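>>> Starting from these lines, generate the structure:
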Amino acid sequence: MKPKVFITRAIPEAGIDLLCPIADADIWSDELPPPRESLLQKVKGVDGLLTLLTDKIDSQVMDAAGASLKVISQMAVGYDNIDVAAATARKIPVGHTPGVLTETTADFTWALLMSAARRIVEGDHYTRDGKWKTWMPTLLLGPDVHGATLGIIGLGRIGQAVAKRAKGFDMRVIYHSAHRHPEIEKELGVEYVPLDSLYAESDFISIHTPLNDSTYHLINNAALAKMKPSAILINTARGGVIDPDALYRALRDKQIAYAALDVTEPEPIPLESPLLTLNNIIIAPHIASASIQTRNKMATMAAENLIAGLKGEKLPHRVADSR
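Below you'll find the model as predicted:
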């Protein structure tokens with residue numbers, strides 16, 4: 001008999017094709033994540049779980065699955081939705097998909113940066129609304145990207161990939177991170193600065209830090225007050241790094257010029273959010289890794305982790321602090 005697995009959402013066929021020959025897969029087919037009660041019901045007696053960031057996988061879920069649960073595989077780099085300590089206590093390995101989305105997310109960060117700087121979304125709306133009558137010398141002016149200063153918060157894999165792209169635009173790149181990286185500074189020609197200096201000096205600020213106790217609402221009223229009135233803020237990390245109320249006030253009052261977000265707090269952003277009333281912000285629906293190649297690779301890695309766990313083998317992409 002094949003082991004039973006529950007997959008909390010439809011994933012690319014590349015992953016499903018790997019799983020089907022060796023497992024009996026129950027796939028949640030709705031567009032939205034399974035409600036809590038449905039999740040607790042669906043996991044009963046399963047041997048494996050393949051999850052997404054939207055699924056809270058805690059001790060209650062693991063206990064509902066029971067002693068048969070051998071592995072939890074997350075189709076994402078992050079795993080703050082999973083209680084890794086609870087899994088480890090139950091000797092359940094946890095997998096994720098690290099590294100695969102670095103370049104794709106850096107590409108999307110750059111797309112947001114360019115779109116905000118050159119006001120591309122506004123321009124599209126302007127055209128569709130029938131407002132384009134003639135060429136105008138002062139229409140939808142934005143700042144140059146080339147030669148500007150880019151401040152990167154968090155110089156991990158994605159932050160480094162963004163810095164590499166910035167060099168092609170002859171930008172000055174400064175960064176602040178939990179740990180300084182002298183070897184990367186030399187390799188990429190980037191400069192470490194205190195966080196307050198980054199706020200004050202940057203024309204563009206791009207966030208690439210994980211969400212934890214020290215970074216929750218890192219971008220708050222005080223931080224925004226230290227930025228240039230012309231600053232453009234980009235976030236492709238986690239929504240909780242930015243206080244949305246503080247950001248709304250800063251954008252409304254022109255304390256900073258623009259923001260471009262792929263992530264929000266909460267997700268999805270409520271339709272009644274005041275941020276949606278502003279023209280100087282772009283909000284994408286968490287699609288930074290949404291290239292065909294990257295999502296196929298993520299699905300494949302998640303399936304490989306699940307299969308290894310079902311076989312009692314070491315997960316090829318195991319969360320570092322799990323069993």
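
>>> okay, now the residue lying closest to Gln74 once chain neighbours are set aside: neighbour count?
Nearest residue to Gln74, sequence neighbours excluded (C-beta to C-beta, 6 or more residues apart in numbering): His96, at 4.7 Å. C-betas here are computed from N, CA, C, even on glycine. For His96, the neighbour count with other C-beta atoms under 10 Å is 27.

>>> Then the one 4 residues further on?
Burial measure for Val100: 23 neighbouring residues, criterion other C-beta under 10 Å.

>>> Show me what the helix or strand hosting Ser206 pairs with in its sheet, parallel or antiparallel.
Using DSSP states H and E, Ser206 maps to strand 204-207. Here strand 204-207 is paired, per DSSP bridges, with strand 149-153 (parallel), strand 232-235 (parallel).

>>> Pull the residues that contact it.
Applying C-beta atoms under 8 Å, 6 or more residues apart in numbering, the external contacts of strand 204-207 come out as 109, 113, 117, 145, 148-154, 159, 162, 198-199, 219, 227, 231-237, 241-242.

>>> Quick check: Val61 vs Glu37, distance?
Note on Val61: its distance to Glu37, by C-beta to C-beta, to the nearest Å, is 11 Å.

>>> cool, Asp47 as well?
From Asp47 to Glu37 the distance is 22 Å (C-beta to C-beta).

>>> So which of the two has more stuff around it?
Per other C-beta under 10 Å, whichever of Asp47 and Glu37 has more neighbours is Asp47, with 19 against 8.

>>> List the residues that contact the residue lying closest to that one once chain neighbours are set aside.
Setting aside the residues directly before and after it, Asp47 is nearest to Pro3 in space (C-beta to C-beta, 6+ apart), at 3.8 Å. Counting by C-beta under 8 Å, 6+ apart, Pro3 touches Ile22, Ala23, Asp24, Asp47, Gly48, Lys70, Leu310.

>>> Val5 is in contact with the third one, correct?
Yes - assessed by C-beta atoms under 8 Å, Asp24 is found in contact with Val5 at 7.1 Å.

>>> Specify which residue of these two has the higher count of neighbours.
Val5 (26 against 13).

>>> Against Pro93, how distant is the closest residue to Leu40 other than its chain neighbours?
Once flanking residues are discounted, Leu40 sits nearest to Ala64: 4.5 Å by C-beta to C-beta, 6+ apart. According to C-beta to C-beta, Ala64 stands 19 Å off from Pro93.

>>> Neighbour count: those two, which is higher?
Legend: neighbour count by other C-beta under 10 Å for Ala64 and Pro93, higher for Pro93 (22 against 16).

>>> Let me know whether that one touches Ala87 as I believe.
Yes - between Pro93 and Ala87 there is a contact at 7.4 Å, judged by C-beta under 8 Å.

>>> downstream neighbour of the strand holding Ser206 in the secondary structure list?
Going down the chain from strand 204-207, the next helix or strand is helix 221-225, by DSSP H and E.
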